[in-house]
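Visitor: What would the 3D arrangement of this be:
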Amino acid sequence: MTQVRDRPVPRRSVGSPRAGPRPRRVLGRDWKLAAAFLSPTAVLVASLILLPIADSVLLSTTERHGPETVFVGADNYTALVGDPLFHAGVVNSFVFTGYAEIFKVVLGLVAALLLHHLPRGRAVLAGVLLLPWVVPTVVTAFTWRSMLDPIFGSVNTLLTDTGVGPLLAGLGFVNAWPAGWLSDPELAMPSVILVNVWKGVPFFAVNFLAGLKAIDGGLYEAAMVDGASPWQRFRHVTLPGLRHVMIVTTLLSSIWTFNNFDLVWLMTQGGPGNATAPYVLVAYAKAIQQLQFGAGAAVTLVMLPVVGVLVVFLVRLMRRGEGDGDRAGQARTGRRRGLGWAALVGGLALLAVASPHIFWKAAVLLGGFVLVAVLVGRAASALAARGRARPARLVNAGGSGVALLALLLFVLGPLYYVLVTAFKPDEQIVMHTSDLWPTPWSVEQFESLFDGQRFGTWYLNTVFVSLAATVVALCCAALAGYALARLRFRFADGFTVTVLLTYVMPGALLFIPLYQLLSGLNLIDSPWSLVVTYPTFTLPFATWLLMGYFKTIPADLEEVAMADGCSRFQAFRRITLPLARPGLLAVALFTLTNAWNEFLFAFVFITKEEYKTLPVGIQSMIFGDVVPQGQLAAASLLISVPVVLMYAFGQRFLTEGLTAGAVKG
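Guide: Next up is the predicted model:
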């Protein structure tokens, strides 16, 4: 009987990894716990991203005829072939993204190099340069919109007083003076690009600065011993060392810029005419304004492969093949570099064809920057070669100081404009006297903001929505990130890839099906519509970031705790979460500020005054051509202060969390 009882037990059961119940063998050792940890994120991602995308595909094959929706097949797609508005939107999106990314990479690299070689005050200046990226987009848009106003704006006044404005007109940079920056079809797009560059350069600069710190200083010393010039050290040491961070930063920024809606809408609403209307605004006009949801969905789906190709192309460039030291590896590296240069040249050629009136101006500006830098560098090198070390250092320091001063003026000028305008009385703003200083200082703009507007209600709505969305995203991301980093189960890699892909999905692809979904649930014009939908753009990134951070925590600590009797969940709660505090704070800060600044979903889903958030409420303060500049400046100051304070106190945790997450994730 003993032999009969033992016969069904296979010999490999002892110590075999395939031992155990069938679900465990098929799904993995920790599949039950993984299912519990991943369920909240899986439900949100499936219901708010994957299903809306599938619904968008079906929606694009329909058309609304009165109260009825009929199936039209591919008619919405074929109609786009002859749609001039769609054509203009596609061209505008490419032009906007192409020029913005070129200038952000160049200026961000210059800013990072200046800060990296600064002997003192680097951290303070880095925090100051981060301000444009931190302040809400609605603040950025209205600040620059006021400054670029042809009558009351400070830009025309300043350029006229200094004589630069008439010089620009004489050189052909503007058609006439004073310039109508946002009303001239040839100047509107460059103006919007300028504002996007102003807001995006700090993000590039901070990331490039972190990359410069990671480059081994011994490489520079070896290059100097070999007699390499500063340009050769930059080309052969700095640029290869920054390759990874440059590609990742450009990838993220390109996706954000290509799908930008709020900045363009708040500044120009796509005008004059359709001169600045990107494809996202075209989709919004068709779906929300014209109630043709199928046509709007077709616009977003047609452009989705463009984002996909961009992601695939940049990720392939980011991959580093093994064995690059052999001939095959060197050949692969050469092909990748050749492909990159070919893509760059092809992109520049397309920009030249699509926008010749912008291309030559951008080329002159960038050429001027490069020429000045080369002249300063050659002068310093020539003096050093002659043994005149002190004059060479003075030339280097002087050139760097002038460049840093110009960068600070570019970054802080608009923020200073907001500050002084918020404390100006209406009479001074209207009469356009003493632009640089309030005379006298007044708080009437703040008083009228709370008395004449529902600013307090908007503020409370924003606080509630931001905190609620942050709690949801943080809880779900912590559980999912831990499961993907620690637990062993099947399909973990597939789930990780899905999370990363949903992160790059544009909001333009989601707002149309989400609008229909929320309408069916009677959540339109409710703060809960924002609490429910905000995780679509915060949860995937938060999960990826925390997954990378959890991987930096030694697993031995949890194993010791479990050996002492703790369950896996208890070890996660008592050991891992406290050690992951910097990563959790970074995710909370990122999620909170994104929810605080979000415009597109709040603009589409909320129309009632009592439920508006700050970005949408501030936008509604403008009635036609009536722009209350003083109240807008006061509102911009009040909406920016909490975000700036959060970043000021949490900058260290943000940097630590982002660095660990980016490296390991």
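Visitor: And for Glu427, the neighbour number?
Guide: As a burial measure, Glu427 scores 11 neighbours (other Cβ atoms under 10 Å). Where C-beta positions appear, they are placed from N, C-alpha and C, glycine not excepted.
Visitor: How is the chain partitioned into domains?
Guide: Per automatic domain parsing, the structural domains of the chain span 28-50+455-665, 74-319+333-351.
Visitor: The ones you listed into CSV, with extra columns for mean neighbour count?
Guide: Formatted as CSV, the domains of the chain follow (neighbours: other Cβ atoms under 10 Å):
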stretch, mean neighbour count
domain 28-50+455-665, 20
domain 74-319+333-351, 18
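Visitor: possible to save these as JSON lines with mean pLDDT and distance to Tyr416?
Guide: Conversion of those to JSON lines gives the following (pLDDT from 0 to 100; distance: least, Cβ to Cβ, whole Å):
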{"stretch": "domain 28-50+455-665", "mean pLDDT": "81", "distance to Tyr416": "11"}
{"stretch": "domain 74-319+333-351", "mean pLDDT": "84", "distance to Tyr416": "10"}
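Visitor: Looking at those domains, which is nearest to Leu408?
Guide: For those, proximity to Leu408 was assessed by Cβ to Cβ; domain 74-319+333-351 is nearest, at 7.2 Å.
Visitor: next SSE after the helix or strand containing Leu80?
Guide: Using DSSP states H and E, Leu80 falls within helix 75-81. Downstream of helix 75-81, the next assigned helix or strand under DSSP H and E is helix 84-116.
Visitor: tell me the phi and psi of Trp458?
Guide: Trp458 adopts backbone torsions of phi -60, psi -40, taken as degrees, to the nearest 10.
Visitor: Nearest to Val372 among the domains of the chain would be which one?
Guide: domain 74-319+333-351 (10.8 Å).
Visitor: Which secondary structure state does Thr536 sit in?
Guide: helix (DSSP: H, G, I helix; E, B strand; the rest coil).
Visitor: oh sorry, the question was meant for Arg64
Guide: strand.
Visitor: What about it, how many residues nearby?
Guide: Count around Arg64 with other Cβ under 10 Å applied: 14.
Visitor: Double-check it against Gly296; I have them as touching.
Guide: No. Assessed by Cβ atoms under 8 Å, Arg64 is found out of contact with Gly296, at 10.6 Å.
Visitor: Of the domains of the chain, which is nearest Arg388?
Guide: Proximity to Arg388, assessed across the domains of the chain by Cβ to Cβ, is greatest for domain 74-319+333-351 (16.0 Å).
Visitor: For that closest one, what is the spacing between the initial and final residues?
Guide: In domain 74-319+333-351, first residue to last residue: 30 Å (Cα to Cα, to the nearest Å).
Visitor: can you check stretch 140-156 too?
Guide: Across stretch 140-156, the terminal residues are separated by 18 Å (Cα to Cα).
Visitor: got a list of contacts for it?
Guide: 132, 165, 178-183, 191, 194-195, 198-199, 262-263, 266-267, 414-415, 417-418, 421, 429-430, 432, 435, 618, 627, 629, 632-633, 636 (Cβ atoms under 8 Å, 6 or more residues apart in numbering).
Visitor: coming back round to it: make a markdown table from the domains of the chain and add distance to Arg393 to it.
Guide: Below are those laid out as a markdown table (distance: least, Cβ to Cβ, whole Å):
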| stretch | distance to Arg393 |
| --- | --- |
| domain 28-50+455-665 | 31 |
| domain 74-319+333-351 | 12 |
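Visitor: so which of those domains gets nearest Ser442?
Guide: domain 28-50+455-665 (8.9 Å).
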